[in-house]
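Asker: Sharing a model that was predicted from the sequence below.
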Amino acid sequence: MAQSNFYQEGHYPSPFQQTWKEFRKSHIALFGLWIFICFVLILLFAPLIAPYSASGQDTEALLLPQAWDPSGTVVYLFGTDSLGRDMLSRVIYGSRTTLGISLLMVVMAMLIGFSIGAFAGMSKGLRASILNHLLDSIMSLPTLLIAIIIVAIVGTGLTNCMWAITLALIPQFIHLTRDLVRTEWHKEYVTAARLDGASKTRILFDSILPNMTERLVVAGTMALSTAILDISALGFLNLGAQAPVAELGTLLSEGLELAYIAPWTIAIPGAAILLMLMSVNLVGDGIRSALRYRLQQ
């Protein structure tokens, strides 16, 4: 027996549900999401997925081609490199390193950038003016160039590379947070909270932050794409991860000398970087489109 609803109230989906509903309408965005989920699974379960160790060598299987090549073997599905290391395992561990470090850098940059940007957005006078001009100057430089300069000062290595890219990503989060906080600060609901006696910290976290979370997520996807590209570029230039660490940019650099003899040593890591960047960009574009459509309703 159907139950009657005494209060004839309609169901209104939450902002997240509305955004997800619009996101699902884009099949290419869903395709990118599934690819990204695959990379996340590789990040979490790489030791279980990889058939061999990333540094394990087989001296009797040097420069073996892929399994579908007449000279290949199914034992090494994507072939081996010049030291007899399984390319599939190295790409899996390399994807884990590249994506894991990129996610960590973006989260750190977002937290630091949000803190400084919120302070700048609620500040006035000389402090705000100096910070605004400084941010505009820094953001005019490419993040990769900033990272290369910092690495040149502090030295090469994966840890220094991480700090360099994180510092290069922070200004864009400061700029976004400052603009969003300033925009929301003059709206009626914030004015009502201020008249009610709420502190700036409470207004920021209880009132302003829920209204800017989605835009921070969109900015995070864009920053993640930049971080993946930068960490791979620094690894390719031998400024980032050093051997024997498996990282996609480093794998490209190692296979460069064998490009004509064993092209799979650069094609497979390059394809992994391409798929990773494509999935992040497709998801970011899908979220931006869904958010734009929801805000226009």
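Answerer: Everything's here; your move. Keep in mind that this is a model prediction, so the values were computed, not measured.
Asker: Every contact and neighbour count from this point should use C-alpha atoms.
Answerer: OK.
Asker: Mind giving me the packing neighbours of the one helix or strand residue 284 maps to?
Answerer: In this structure, residue 284 sits in helix 264-296 according to DSSP states H and E. When contacts are defined as 3 or more Cα pairs under 8 Å, 6 or more residues apart in numbering; DSSP states H and E, helix 264-296 sits against helix 15-24, helix 27-49, helix 87-121, helix 209-236, helix 248-255.
Asker: ranking these by burial, who's on top?
Answerer: helix 248-255 (a mean of 25; mean count of other Cα atoms under 10 Å).
Asker: which secondary structure elements does that one contact?
Answerer: If you count contacts as 3+ Cα pairs under 8 Å, 6+ apart, helix 248-255 packs onto helix 87-121, helix 209-236, helix 264-296.
Asker: Next, report how far the last one is displaced from the centre of its chain.
Answerer: Between the centre of helix 264-296 and the centre of its chain there are 10 Å (Cα atoms, centre = their mean, to the nearest Å).
Asker: Can you check what angle separates it from helix 87-121?
Answerer: Relative orientation of helix 264-296 versus helix 87-121 (axes from the mean of the first three to the mean of the last three Cα atoms, to 10 degrees): 40 degrees.
Asker: Check which residues of helix 264-296 are buried.
Answerer: Buried residues in helix 264-296, defined by neighbour count with 16 or more other Cα atoms under 10 Å: 264-266, 268-270, 272-273, 275-291.
Asker: and the helices and strands packed on helix 248-255 as TSV, adding distance to residue 41 and mean pLDDT?
Answerer: TSV is the format used below for the helices and strands packed on helix 248-255 (distance: least, Cα to Cα, whole Å; pLDDT from 0 to 100):
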stretch	distance to residue 41	mean pLDDT
helix 87-121	9	91
helix 209-236	17	88
helix 264-296	13	87
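Asker: And the helices in the stretch 51-200 of the chain?
Answerer: Secondary structure of the stretch 51-200 of the chain, counting by DSSP state H, counting those that start in this stretch: helices at 87-121, 126-139, 143-154, 158-185, 188-195, 200-202.
Asker: still on that earlier bit, among the helices and strands packed on helix 264-296, which is nearest residue 168?
Answerer: helix 87-121 (8.5 Å; Cα to Cα).
Asker: so how far is that closest one off the chain centroid?
Answerer: 6 Å.
Asker: ok so, going back, what's the closest of the helices and strands packed on helix 248-255 to residue 70?
Answerer: Closest approach to residue 70 among the helices and strands packed on helix 248-255 is made by helix 264-296 (14.5 Å; Cα to Cα).
Asker: Specify the angle between the closest one and helix 209-236 in degrees.
Answerer: Going by the same axes, to 10 degrees, helix 264-296 makes 160 degrees with helix 209-236.
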